[in-house]
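Enquirer: 3D, please:
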Amino acid sequence: MPVRLMPGAMAAAVMALAGCLERVETVTVEGDGTVTIELIFKTDDPHELHEGDAVPTLAGAWLVEENVEPDEQGRDRFLLRAESVFPPDLDLPGNFAEPGDPDTGLYLQFPTTVLIEDRSDGIYYHFHRVYPAREWARIEALRELLLNERIKKFDRKPPIELSDEELRIMVAAYADYEAAKMLSFARTIYLQITPDMPQDAWLEVDAAVQRLKTAIDDDALLEIMRIEDEDERDQALADELQRWEERSFEGLQNAMREHCGYAGRQMSRFVHGYEAQRKAFKITEDLGDEVFQVTVVMPGGIVGSNADVTGTDRVTWKFSGRRFRDRNVELMVSSKLDR
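Expert: Okay, here's the model as predicted:
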């Protein structure tokens, strides 16, 4: 599925197609508290395995193997298999980041625990995992207002069938949305670094970013959208929009210097904070079309769970990455081992 910077035809033209990633995980809890985690990541696009969210690596203490296998239609499927064993005294992983990765906090988090209770009628095991909410609604509201609503009448038409007027409306809507998203990220970091800055300073920055929208080359984009070869068109459009976004971010930094006096360490903090927000949101977007299947095998018999499927000694949840948007997702299962 495409990474959706905007809906319909423009989405396919802005970005090259990316494969949908499927994550299959099996967690086996032993009677002594030892936990074995086995993972299989599957996709039809090899780039999906290593772009966006972190995946298990040898540096992260996982046994990892990558290979290619045909699916039922004979098409290549790219697989990453990983496994690790955690003794009872070792914390379970809460993400797939490598040690020392500065972006650890931006990746998907899943703090996981196994609690063992020794009661008079048996030994109880409690598996618990939380996928913390990832912020989404704030930017999605901007997308809906500034982009989706303005182009919904023609956004499903193939690019080659759009009139020049429709293409210009689409480009303008895209520019408005991207500028608003940039300002939203920048405003959050700005208030963290300089909460007491006079309000008019920020208004000058806002005005400067609004002016940057005119720097997008409508004519160049119109010419690109008329390219008949889909792959060539997608790549050319993605390149052109990437150049515009880079110029816009440079303009934002210049505005922060001119109107807010940002320089040196302060500017470094701003750029780092802005990039962290941008990357975290992109990971959240990428996770949206990923499919998660988590199976937990417990000692003894299951006494309760909130899983989709519950068996005698195992449970399974299946959900998409959209579940993490703006809300926590909790996985719970308890079992009892008779004496």
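
Enquirer: Quick check, pLDDT for residue 74.
Expert: Per-residue pLDDT puts residue 74 at 84.

Enquirer: How about the one 3 residues further on?
Expert: pLDDT for residue 77: 92.

Enquirer: cool, and residue 46?
Expert: If you check residue 46, the pLDDT there is 86.

Enquirer: do the same with the one 10 residues further on
Expert: The pLDDT attached to residue 56 in the predicted structure is 97.

Enquirer: Might one say that it is in contact with residue 97?
Expert: No - the criterion here is CB atoms under 8 Å, and residue 56 misses it with residue 97 at 10.0 Å. Just so you know, the C-beta spots here come from the backbone N, C-alpha and C atoms, and that holds for glycine as well.

Enquirer: residues shared between the contacts of those two?
Expert: Among the neighbours of residue 56, none is also in contact with residue 97 (CB atoms under 8 Å, 6 or more residues apart in numbering).

Enquirer: Which parts of the stretch 51-200 of the chain are strands?
Expert: The residue ranges that make up the strands of the stretch 51-200 of the chain, judged by DSSP state E, counting those that start in this stretch, are 63-70, 76-86, 112-119, 122-131.

Enquirer: what's the closest of these to residue 147?
Expert: Distances from residue 147 to each of the strands of the stretch 51-200 of the chain were compared using CB to CB; the minimum, 27.5 Å, belongs to strand 122-131.

Enquirer: Now residue 42: phi and psi?
Expert: Backbone torsions of residue 42, given as degrees, to the nearest 10, read phi -130, psi 140.

Enquirer: ok, and the closest non-adjacent residue to it?
Expert: Here the nearest residue to residue 42 in space, its sequence neighbours aside, is residue 22; by CB to CB, 6 or more residues apart in numbering that works out to 4.4 Å.

Enquirer: Over to residue 204?
Expert: Once flanking residues are discounted, residue 204 sits nearest to residue 259: 3.9 Å by CB to CB, 6+ apart.

Enquirer: Give me the neighbour count for the one you found.
Expert: Using other CB atoms under 10 Å, residue 259 has 19 other residues around it.

Enquirer: Beta-bridge partners for residue 36, please?
Expert: In this structure, residue 36 has the following beta-bridge partners (DSSP bridges): residue 28, residue 85.

Enquirer: and it, how many residues sit next to it?
Expert: Residue 36 sits with 14 neighbouring residues when counted by other CB under 10 Å.

Enquirer: got the contact list for it?
Expert: For residue 36, the contacting residues are 27-28, 30, 83-86, taking CB under 8 Å, 6+ apart as the criterion.

Enquirer: and with 10 Å instead?
Expert: For residue 36, the contact set (CB atoms under 10 Å, 6 or more residues apart in numbering) comprises 26-30, 83-86, 297.

Enquirer: do residue 130 as well
Expert: With contact set as CB under 10 Å, 6+ apart, residue 130 has these partners: 94, 109-113, 328-332.

Enquirer: Also residue 275?
Expert: Counting by CB under 10 Å, 6+ apart, residue 275 touches 103, 106, 185, 189, 249.

Enquirer: where does this protein dip in pLDDT?
Expert: Per-residue confidence of the chain (counting by pLDDT under 70) places the weak regions at 1-19.

Enquirer: residue boundaries of the helices in it?
Expert: Across the chain, reading from the start of the chain, the helices by DSSP state H fall at 8-14, 137-143, 149-151, 164-193, 199-212, 218-225, 230-260, 264-287.

Enquirer: Perfect, I'm done here.
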